[in-house]
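Undergrad: prediction below, plus the sequence it came from.
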Amino acid sequence: MATETIYVELLDEGVDVWRPVDAGPLGEGRYQLLAPADYDPETETWALLPGTVVRREVRRLGGGPVFIAVEDRP
């Protein structure tokens, strides 16, 4: 399956931190976040957990525009 990179906000970091995450396209603008091999919920608190179905929005982060994960609301 082809994946795309979507950034997920990390919580409790003291500054804004966004982690690049692979996401599988589900169609109709929806994606499922995939857990990376090094995912450890004891060391990172994701705003949206692996397995969550999200939509993506463009946001300007340090290096330019990227896709960020936002909650998929009906």
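TA: Thanks, I have the structure now. Just so it is clear, the model here is predicted, and its values are computed rather than measured. Residues are numbered from 1 along each chain as shown.

Undergrad: any weak-confidence spans in the protein?
TA: 1, 74 (pLDDT under 70).

Undergrad: now stretch 2-14, how far from the chain's geometric center?
TA: 4 Å (CA atoms, centre = their mean, to the nearest Å).

Undergrad: list the buried residues in that stretch.
TA: Using 16 or more other CB atoms under 10 Å as the burial criterion, the residues of stretch 2-14 that qualify are Ile6, Tyr7, Val8, Glu9, Leu10. From N, CA and C alone the C-beta is placed, and that goes for glycine too.

Undergrad: look up the closest residue to Pro50, ignoring the ones flanking it.
TA: Ala35 (3.5 Å; CB to CB, 6 or more residues apart in numbering).

Undergrad: again, but for Phe67
TA: Nearest to Phe67 is Arg56, by CB to CB, 6+ apart, at 4.1 Å.

Undergrad: if the one you found is in a bridge, with which residues?
TA: On the basis of DSSP bridges, Arg56 is bridged to Ala69.

Undergrad: would you check that it makes contact with Glu71?
TA: No. Arg56 is beyond contact range of Glu71, at 11.2 Å (criterion: CB atoms under 8 Å).

Undergrad: before we move on, back to that, closest to Trp18 among the buried residues of stretch 2-14?
TA: Comparing those against Trp18 with CB to CB places Tyr7 closest, at 4.1 Å.

Undergrad: for that closest one, grab phi and psi.
TA: phi -90, psi 130 (degrees, to the nearest 10).

Undergrad: correct me, but it touches Asp16?
TA: No. Contact between Tyr7 and Asp16 fails when scored by CB under 8 Å: they sit 10.7 Å apart.

Undergrad: quick revisit: specify the local secondary structure of the residue nearest to Pro50.
TA: Here Ala35 is recorded as coil under DSSP: H, G, I helix; E, B strand; the rest coil.

Undergrad: so what's the residue count around it?
TA: Counted with other CB atoms under 10 Å, the neighbours of Ala35 add up to 14.

Undergrad: and it, how far is that from Arg19?
TA: 11 Å (CB to CB, to the nearest Å).
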